[in-house]
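> Pasted the sequence and its predicted model underneath.
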Amino acid sequence: MNALIKLELARALRNKKFLFFSVLYPSFLFLIFASSAGSEDRIDGTGLTVATYLMVSMASFGALTAVLMGNSERIAKERENGWVRQLRLTPLPGRGYVLAKIASAAVVSLPSVVVVFLAAAAIKHVHLDAWQWLALTGVIWAGSLVFAALGVAIGYLASGDAVRPITMIIYFGLSILGGLWMPSTTFPRILQDIAKWLPTHAYAALGRSIEQSQAPSVTDVAILAVYFVLFAGGAAWLYRKDTLKA
């Protein structure tokens, strides 16, 4: 499995288009969104400056981009070109393939988080304690595993032609409704109620609690845990189903 993880990382790092959208694109969005607000402007109800609030949003968005977009399309294409079928002839167990995909995607997501943090600190002068920077990096990186599992599930659910539109709908739906592009407090009440139960909302909320020097909400942790079990379980079930059809 370690060899497969190394192979997946090498392939991802050679894909310059993927690296741009997963590593640099979120930091560009952060700078664009944050530039429209003053350095002391704050998000109502949070006590956080606009730059500090958006930093977690765009770091989370970057990690989501890396693990969701990369996994789903790559797996669907590998199924079509016979690569997955070839792997089944090796000693690699089925769970090893799924875990390798999740692990390699999570490793690629780390640079996107770090680049957003560097842009926030160097250009928008976001100041946090050392433990907060470390905790934010760990929480956002670990939370990306939830969406890595979702990417694997989508890759086995959709065909090569259908996977991109399906992934884009889920990707933008989770990003916008989850409050990554704008505070969910600005939504109509019905959308706010929906947002509270989305994994992206809970994901960003963990980071913002660290910025506020507060303990993460048990509800947010539980929501992410439930979604991870659902997505990982779905990925495993779809993998077995695909194996039986082969």
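Structure's in. What do you need? Small disclaimer: the values here were computed from a predicted structure and weren't measured.
> make it CA atoms for all contacts and neighbour counts henceforth
Noted.
> how about the helices in the chain?
Secondary structure of the chain by DSSP state H: the helices cover 2-14, 16-19, 25-35, 50-64, 70-81, 83-87, 94-122, 130-157, 163-177, 189-195, 199-211, 218-245.
> export those helices to JSON lines and tack on mean pLDDT and distance to Arg42?
Rendered in JSON lines, the data for the helices of the chain read as follows (pLDDT from 0 to 100; distance: least, CA to CA, whole Å):
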{"stretch": "helix 2-14", "mean pLDDT": "58", "distance to Arg42": "37"}
{"stretch": "helix 16-19", "mean pLDDT": "64", "distance to Arg42": "32"}
{"stretch": "helix 25-35", "mean pLDDT": "88", "distance to Arg42": "11"}
{"stretch": "helix 50-64", "mean pLDDT": "91", "distance to Arg42": "5"}
{"stretch": "helix 70-81", "mean pLDDT": "74", "distance to Arg42": "34"}
{"stretch": "helix 83-87", "mean pLDDT": "59", "distance to Arg42": "49"}
{"stretch": "helix 94-122", "mean pLDDT": "79", "distance to Arg42": "15"}
{"stretch": "helix 130-157", "mean pLDDT": "90", "distance to Arg42": "19"}
{"stretch": "helix 163-177", "mean pLDDT": "91", "distance to Arg42": "20"}
{"stretch": "helix 189-195", "mean pLDDT": "92", "distance to Arg42": "20"}
{"stretch": "helix 199-211", "mean pLDDT": "94", "distance to Arg42": "13"}
{"stretch": "helix 218-245", "mean pLDDT": "85", "distance to Arg42": "23"}
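> Could you export those helices as a markdown table, including mean neighbour count?
Written out in a markdown table, the entries for these read as follows (neighbours: other CA atoms under 10 Å):
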| stretch | mean neighbour count |
| --- | --- |
| helix 2-14 | 14 |
| helix 16-19 | 14 |
| helix 25-35 | 19 |
| helix 50-64 | 28 |
| helix 70-81 | 20 |
| helix 83-87 | 14 |
| helix 94-122 | 21 |
| helix 130-157 | 23 |
| helix 163-177 | 17 |
| helix 189-195 | 14 |
| helix 199-211 | 24 |
| helix 218-245 | 16 |
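> Tabulate the ones you listed (CSV), appending distance to Ile43.
Rendered in CSV, the data for the helices of the chain read as follows (distance: least, CA to CA, whole Å):
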stretch, distance to Ile43
helix 2-14, 36
helix 16-19, 31
helix 25-35, 12
helix 50-64, 6
helix 70-81, 32
helix 83-87, 47
helix 94-122, 16
helix 130-157, 19
helix 163-177, 17
helix 189-195, 16
helix 199-211, 12
helix 218-245, 20
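> OK, contacts around the residue nearest the centre of the chain?
With distances taken as CA atoms, centre = their mean, the chain has Leu64 as the residue nearest its mean C-alpha position (1.9 Å). Contact partners of Leu64, counting by CA atoms under 8 Å, 6 or more residues apart in numbering, are 109, 144, 147-148, 171.
> want to try TSV for those residues, with distance to Phe117 as columns?
TSV is the format used below for these (distance: CA to CA, whole Å):
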residue	distance to Phe117
Ser109	13
Ser144	16
Phe147	20
Ala148	21
Tyr171	22
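> if we take those residues, which one ends up nearest to Lys101?
Minimum distance to Lys101 across the contacts of Leu64 is 7.8 Å, recorded for Ala148 (CA to CA).
> what about the closest one, distance to Tyr171?
Here the distance between Ala148 and Tyr171 works out to 12 Å (CA to CA, to the nearest Å).
> Need the overlap of contacts for those two.
With contacts taken as CA under 8 Å, 6+ apart, Ala148 and Tyr171 have 64, 68 as neighbours in common.
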